[in-house]
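S.K.: Please work out how this folds:
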Amino acid sequence: MDKKFKSGFAALIGRPNVGKSTLMNHLIGQKIAITSKKPQTTRNKIQTVYTCDEGQIVFLDTPGIHKAKNKLGEYMVHVAEKTLKEVDVILWLVEPDTFIGAGERHIAEQLKDIGVPVILVINKTDTVKKEEVLTFIDAYRKIYDFNEIIPASALHGQNTDTIVEQIFKYLPEGPMYYDEDTVTDQPMRQIVAELIREKSLHALNEEIPHGIAVTIERMKRRKNADIYDIEATIICERESHKGIIIGKKGSMLKKIGTNARYEIEQQLETKVNLQLWVKVRKDWRDSELLMKNYGYMNEKD
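M.R.: Numbering: from 1, shown residues only. Now for the predicted structure:
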């Protein structure tokens, strides 16, 4: 007898920098969500799609749940918490540790009344001794009644097959929401903007990245030539930041542009002519109008 096709939505949650985007990129076999060691890398809810013979999982990579410091932070937490109520299963990623801090306890509280199956993924277990993993499992068992607990390493693909199997266990039978070639619902302009932001995060020092956004002014394939012309603006909050992003004789901006262009060419599978500008928009993370302009705040409440 044919196995029934299962489909549904799985939310990836966890504090910033636990490896949610790395896991999602690994599962779908291609880079969609940007990754960085800095918190608040993911700002919007990103949908990616995993399809196999057994069924289809639509992953929602949510911004990290944290205590908000400004309007952008509030928006990100709102998106993450709203998503939890709309999915079939929740994947909660944590670091391998017996210390469970206020951030994790806050998430456990958020999950208490949701009524959705929760799978705990203890990520980055490649960084600890095998025998320690049981102590981490025990520590987390005390704060929440998980449906499953899976030790894994998103970076090295350890136990990621088990994660997929366990998600399917909790999904209902259902239709294929996206055709099987689809890997994301993100428009290409948004992916390009995010790749530029990722390269800026990697290149710049601690203070600036939180306060940057990227807008795509123009993205067009040239007539009679296999090349895209892309013009983009990096938005920052202070004049002093602008100088750092541009760098001495434009060196930093050039480095960001070169690194971003390489990744964008991989995504578009064609040559790219990328031009970057830098603009200052003071305290844009506290302005609802500017946040809307830069692609945040589009969620309907």
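
S.K.: how near is Trp284 to Val192?
M.R.: 20 Å (CB to CB, to the nearest Å). No exception for glycine: its C-beta is placed from N, CA and C like everyone else's.

S.K.: typed the wrong thing, it's Lys85
M.R.: Distance of Lys85 to Val192, given as CB to CB: 31 Å.

S.K.: more crowded one of the two?
M.R.: Using other CB atoms under 10 Å as the criterion, Lys85 and Val192 rank with Val192 on top: 24 against 11.

S.K.: buried ones in the helix or strand harbouring that one?
M.R.: Under the criterion of DSSP states H and E, Val192 resides in helix 188-203. The neighbour-count check on helix 188-203 (16 or more other CB atoms under 10 Å) flags 190-203 as buried.

S.K.: Give the other helices and strands that it contacts.
M.R.: Using 3 or more CB pairs under 8 Å, 6 or more residues apart in numbering; DSSP states H and E, the elements in contact with helix 188-203 are strand 213-221, strand 227-236, helix 251-268.

S.K.: Kindly reformat the ones you listed as JSON lines and extend each row with mean pLDDT, mean neighbour count and distance to Gly73.
M.R.: Shown next, in JSON lines, are those (pLDDT from 0 to 100; neighbours: other CB atoms under 10 Å; distance: least, CB to CB, whole Å):
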{"stretch": "strand 213-221", "mean pLDDT": "85", "mean neighbour count": "16", "distance to Gly73": "14"}
{"stretch": "strand 227-236", "mean pLDDT": "90", "mean neighbour count": "20", "distance to Gly73": "17"}
{"stretch": "helix 251-268", "mean pLDDT": "89", "mean neighbour count": "17", "distance to Gly73": "24"}
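
S.K.: closest to Val128 out of these?
M.R.: Among the helices and strands packed on helix 188-203, the nearest to Val128 by CB to CB is helix 251-268 (30.8 Å).

S.K.: Find the nearest non-adjacent residue to Thr215, please.
M.R.: Distances taken as CB to CB, 6 or more residues apart in numbering put Thr233 closest to Thr215, at 5.1 Å, once the chain neighbours are dropped.

S.K.: How about that neighbour: which residues does it bridge to?
M.R.: Thr215, Trp277 (DSSP bridges).

S.K.: Report the contact partners of it.
M.R.: 214-215, 217, 276-279 (CB atoms under 8 Å, 6 or more residues apart in numbering).

S.K.: likewise Asp226?
M.R.: With CB under 8 Å, 6+ apart, Asp226 has these contacts: 270-271.

S.K.: Surely Pro96 is in a helix?
M.R.: No. Applying DSSP: H, G, I helix; E, B strand; the rest coil, one finds Pro96 to be coil, outside a helix.

S.K.: Greatest separation within the contacts of Thr233: which pair is it?
M.R.: Farthest pair in these (CB to CB) is Glu217 and Val278. Separation: 12.6 Å.

S.K.: And the pLDDT at Glu180?
M.R.: At Glu180, the predicted lDDT confidence score is 75.

S.K.: Is it in contact with Thr51, as I believe?
M.R.: Yes. Shown here, Glu180 and Thr51 form a contact pair, counting by CB atoms under 8 Å, at 4.5 Å.

S.K.: higher neighbour count, those two?
M.R.: Per other CB under 10 Å, whichever of Glu180 and Thr51 has more neighbours is Thr51, with 19 against 10.

S.K.: Go ahead and confirm Ala213 touches Arg197.
M.R.: Yes. Ala213 is within contact range of Arg197, at 7.3 Å (criterion: CB under 8 Å).

S.K.: still on that earlier bit, please identify which of the contacts of Thr233 is nearest to Lys242.
M.R.: Set against Lys242, the nearest of the contacts of Thr233 by CB to CB is Val278 (5.1 Å).
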